[in-house]
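Asker: here are the coordinates; sequence isn't available:
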């Protein structure tokens, strides 16, 4: 009977790398590998899109159906504008969570505009399908939610939140907190755009938060409502030029 050879390099030992003891190495990998790849492809900064993954391009009866086309249109105009900027590297690259729905629409719009775009997916028990419009070299899959959130925000110079569910709401409140506490940037405040004023005003009563003194009046200025691709593009274009 052959004796099993248990001697191997630690970094080539899949059993160890998948163990609790190696968790810190896996976390570090999810920091260093995206950092290396984003730098390799000269991604200076991004515009981050959030929104429901349940909206389909061809599902006209869905109550959020119109937002698919509007997300695609906004991403298309942003991508075309950003390509023309005379800067070293790539600026204001469209970035999404990599899934379907609004995320797919944003990546699709960037692709239609002739630009690269980023998708940062998450591995789940029920896998979230990657949308086909992400640039392959800028497609990421994370195991840890907090590392995914870190990279979604790390190079963002603007955040656009389309209507969505728990995941979108989670991201919106976290980003508003990071903006409020100046943890995203200490210089120019990163604009947070809530797209679809009717939806957001019905879902979240920010004025009541102020009424009950849970937030300050100035916190109501941390976000802006827009309800058309044209309006949103003009707003973002003006604010993003502050970072150049």
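Answerer: Structure's in. What do you need? What you see is a predicted model; the values in this text were computed from it and never measured.
Asker: from here on, just use CA atoms for contacts and neighbour counts.
Answerer: Fine.
Asker: how many residues are close by the spatially closest residue to residue 220 that is not a sequence neighbour?
Answerer: Excluding its sequence neighbours, the residue lying closest to residue 220 (C-alpha to C-alpha, 6 or more residues apart in numbering) is residue 206, at 7.2 Å. Residues lying near residue 206 (other C-alpha atoms under 10 Å) number 16.
Asker: equivalent analysis for residue 134, please.
Answerer: Using other C-alpha under 10 Å, residue 134 is surrounded by 27 other residues.
Asker: and if you look at residue 34?
Answerer: When neighbours are defined as other C-alpha under 10 Å, residue 34 has 20 of them.
Asker: how much space between it and residue 193?
Answerer: Relative to residue 193, residue 34 is positioned 26 Å away (C-alpha to C-alpha, to the nearest Å).
Asker: where's the residue nearest to residue 220 relative to residue 63, distance?
Answerer: Distance of residue 206 to residue 63, computed by C-alpha to C-alpha: 23 Å.
Asker: residue 238: neighbour count?
Answerer: Using other C-alpha under 10 Å, residue 238 is surrounded by 10 other residues.
Asker: residues in contact with the helix or strand it falls within?
Answerer: Per DSSP states H and E: residue 238 is located in helix 229-240. Applying C-alpha atoms under 8 Å, 6 or more residues apart in numbering, the contact partners of helix 229-240 are 70, 71, 73, 74, 77, 78, 157, 158, 191, 193, 195, 226.
Asker: in helices, which of those fall?
Answerer: 70, 71, 73, 74, 77, 78 (DSSP state H).
Asker: so the second one touches residue 107, yeah?
Answerer: What it means is residue 71. No. Counting by C-alpha atoms under 8 Å, residue 71 does not reach residue 107; the two are 9.2 Å apart.
Asker: comparing those two, which residue is more hemmed in?
Answerer: residue 107 (35 against 28).
Asker: which helix or strand contains that one?
Answerer: Following DSSP H and E, one finds residue 107 within helix 102-112.
Asker: the next helix or strand after that helix pairs with which strands?
Answerer: Downstream of helix 102-112, the first helix or strand assigned by DSSP H and E is strand 117-122. Neighbouring strands of strand 117-122 in its sheet, by DSSP bridges, are strand 93-96 (parallel), strand 139-142 (parallel).
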